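Peer 1: Build me a model from this:
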Amino acid sequence: MIRFLRPLSRSATYTRLLHLWVPMLLQSVWMLVDESKPWVPALVLVPVGLLPAVRVGEGVQGRLLLTPGAKESGISVTPSASWRDRGRTVLWLELRMLLGGVTAFCSVWLPIAAYELATCAWGRAPSGVPVLDLLPPGRAWALLAPVPLLVLYGAVVGLGEAAAAGARRLLGPSAAERLAALEERTERLLERTRIARELHDSIGHALTVAVVQAGAARAAGDPEFTARALEAIEETGRDALADLERVLGVLRESERPASARPTLADADRLLESACASGAEVDAEVTGPVAAVPGPVSREGYRILQEALTNVLRHAGAVPVRVRVSVHGSALALEVRNPLPAGTAGTGRGSGLRGIRERAALLGGSARTGPHEGDWRVRAELPLG
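Peer 2: Numbering: from 1, shown residues only. This is a model prediction of the structure:
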């Protein structure tokens with residue numbers, strides 16, 4: 001019984017009833033003008049439904065009244081973008097008018113029927129409902145008096161559910177809108193992944209350099225070396241704070257494009273930071289690096305940053321060979337360092353995975369792992 005009466009406690013039951021009554025206002029006004037042609041309002045709805053903005057208004061009403069409080073209503077609030085959308089809007093308007101007419105009929109005549117059955121039970125002849133005028137007075141009619149009210153209850157709930165289902169079907173997103181929403185969601189996920197990689201690469205590099213520099217300064221016991229180490233830590237921390245502020249700015253303002261990201265033209269500061277940490281860097285750059293397209297140059301910078309960070313984190317102050325070359329239609333990056341003894345070399349860390357993901361997003365490839373006694377990170381990125 002509680003389950004049967006549960007719709008009475010839901011706000012959607014009453015907002016849907018209101019939604020179905022609204023078209024009857026138009027019908028009632030027209031009946032005052034010419035009640036001999038009740039079909040005219042339904043005919044007028046055909047050209048009205050072809051207007052693109054009508055779909056917006058119907059969608060807003062549907063969300064507020066048919067699916068109140070729902071996180072995913074399944075009802076679109078965008079203008080009609082195609083004739084298919086216009087046709088669906090026309091069908092929805094006609095369906096809404098039909099369901100509204102049935103609701104109005106039930107809302108008026110079923111309570112009257114219940115009242116008339118009750119009057120028959122008290123010995124008075126019914127009046128107002130043609131079918132019930134034929135019933136003789138009798139106490140037995142009191143047993144049937146609740147039936148019209150139960151039918152009314154079922155009609156209100158059922159017609160409201162039908163209206164909500166029809167709105168989702170006829171006012172729901174079109175194929176183009178679903179595709180656009182999917183692309184937008186994919187872009188957001190890619191942006192979140194990219195921001196996570198940015199934080200990992202930038203902040204991880206800064207912390208690694210700071211830890212290595214602090215450890216080297218403590219072990220050296222040389223005031224001059226300590227001063228240089230502190231200067232390098234300060235510069236690296238300042239760069240990391242700038243990167244962090246930029247990434248947080250992207251998070252705060254979703255419409256703001258990520259700009260001013262470092263490129264391979266700024267690779268000198270990475271190499272200087274590695275040298276200041278004690279690594280012996282042998283760098284060689286060949287080809288027109290400045291002419292590398294922005295997206296490729298930015299991702300190449302991050303790949304080089306992560307590769308140098310891994311060297312400092314896992315191998316320490318060791319000789320590092322860096323090769324950056326632009327040849328033909330590709331950018332090649334290679335970072336090699338002696339493989340520490342006892343290193344398994346599985347290459348499964350999140351940083352190395354990020355290198356491979358960056359290369360794959362640009363249509364390139366990256367290989368990480370032991371190679372001829374060294375640990376090698378090699379990436380090839382197409383320029384096109």
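Peer 1: Next, count neighbours for residue 233.
Peer 2: Other residues within reach of residue 233, judged by other Cβ atoms under 10 Å, total 21. For every residue, glycine as well, the C-beta is placed using N, CA and C.
Peer 1: wait, residue 25
Peer 2: There are 10 residues near residue 25, going by other Cβ under 10 Å.
Peer 1: before we move on, which element is it in?
Peer 2: According to DSSP states H and E, residue 25 maps onto helix 11-33.
Peer 1: by contact count, what packs against that helix?
Peer 2: helix 40-49, helix 83-121, helix 146-170 (3 or more Cβ pairs under 8 Å, 6 or more residues apart in numbering; DSSP states H and E).
Peer 1: Secondary structure element for the residue nearest to residue 220 when sequence neighbours are not counted, which one?
Peer 2: Leaving aside its sequence neighbours, residue 220 sits nearest to residue 226 (Cβ to Cβ, 6 or more residues apart in numbering; 6.9 Å). Element membership for residue 226, per DSSP H and E: helix 223-252.
Peer 1: Next: residue 285.
Peer 2: Residue-wise, residue 285 maps onto strand 280-286 under DSSP H and E.
Peer 1: Remind me what whichever helix or strand comes after that strand packs against, helices and strands.
Peer 2: Following strand 280-286 in sequence order, the next helix or strand is helix 294-310 (DSSP H and E). Helix 294-310 is packed against helix 175-220, helix 267-276, strand 319-327, strand 330-338, helix 350-361, strand 374-382, with contacts defined by 3+ Cβ pairs under 8 Å, 6+ apart.
Peer 1: Let me have the ones you listed in a markdown table, adding mean pLDDT as columns.
Peer 2: Below are the helices and strands packed on helix 294-310 laid out as a markdown table (pLDDT from 0 to 100):
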| stretch | mean pLDDT |
| --- | --- |
| helix 175-220 | 73 |
| helix 267-276 | 83 |
| strand 319-327 | 91 |
| strand 330-338 | 92 |
| helix 350-361 | 81 |
| strand 374-382 | 91 |
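Peer 1: Looking at the ones you listed, spot the one closest to residue 115.
Peer 2: helix 175-220 (48.3 Å; Cβ to Cβ).
Peer 1: Now find how far off-centre that closest one is within its chain.
Peer 2: 19 Å (Cα atoms, centre = their mean, to the nearest Å).
Peer 1: repeat for stretch 76-95
Peer 2: On Cα atoms, centre = their mean, the centre of stretch 76-95 falls 24 Å from that of its chain.
Peer 1: Buried residues, it. List them.
Peer 2: Applying a neighbour-count criterion of 16 or more other Cβ atoms under 10 Å, one finds 76-77, 79-80, 85-86, 88-90, 92-95 buried in stretch 76-95.
Peer 1: Would you mind giving those as a markdown table with distance to residue 240 and pLDDT added?
Peer 2: A markdown table is the format used below for the buried residues of stretch 76-95 (distance: Cβ to Cβ, whole Å; pLDDT from 0 to 100):
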| residue | distance to residue 240 | pLDDT |
| --- | --- | --- |
| 76 | 44 | 87 |
| 77 | 43 | 88 |
| 79 | 46 | 90 |
| 80 | 50 | 88 |
| 85 | 49 | 89 |
| 86 | 54 | 92 |
| 88 | 53 | 92 |
| 89 | 53 | 93 |
| 90 | 59 | 94 |
| 92 | 55 | 94 |
| 93 | 58 | 94 |
| 94 | 62 | 94 |
| 95 | 59 | 94 |
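Peer 1: ok, so of these, who is nearest residue 53?
Peer 2: residue 79 (5.7 Å).
Peer 1: so what's that closest one closest to, chain neighbours aside?
Peer 2: residue 52 (3.8 Å).
Peer 1: I'd say the one you found and residue 76 touch.
Peer 2: No: the criterion here is Cβ atoms under 8 Å, and residue 52 misses it with residue 76 at 11.9 Å.
Peer 1: who's in contact with residue 315?
Peer 2: 337-340, 375 (Cβ atoms under 8 Å, 6 or more residues apart in numbering).
Peer 1: one step back: ok, residues contacting the helix holding residue 25?
Peer 2: 7, 38, 40-41, 61-62, 64-69, 96-97, 99-101, 103-104, 107, 156-157, 159-161, 163-164.
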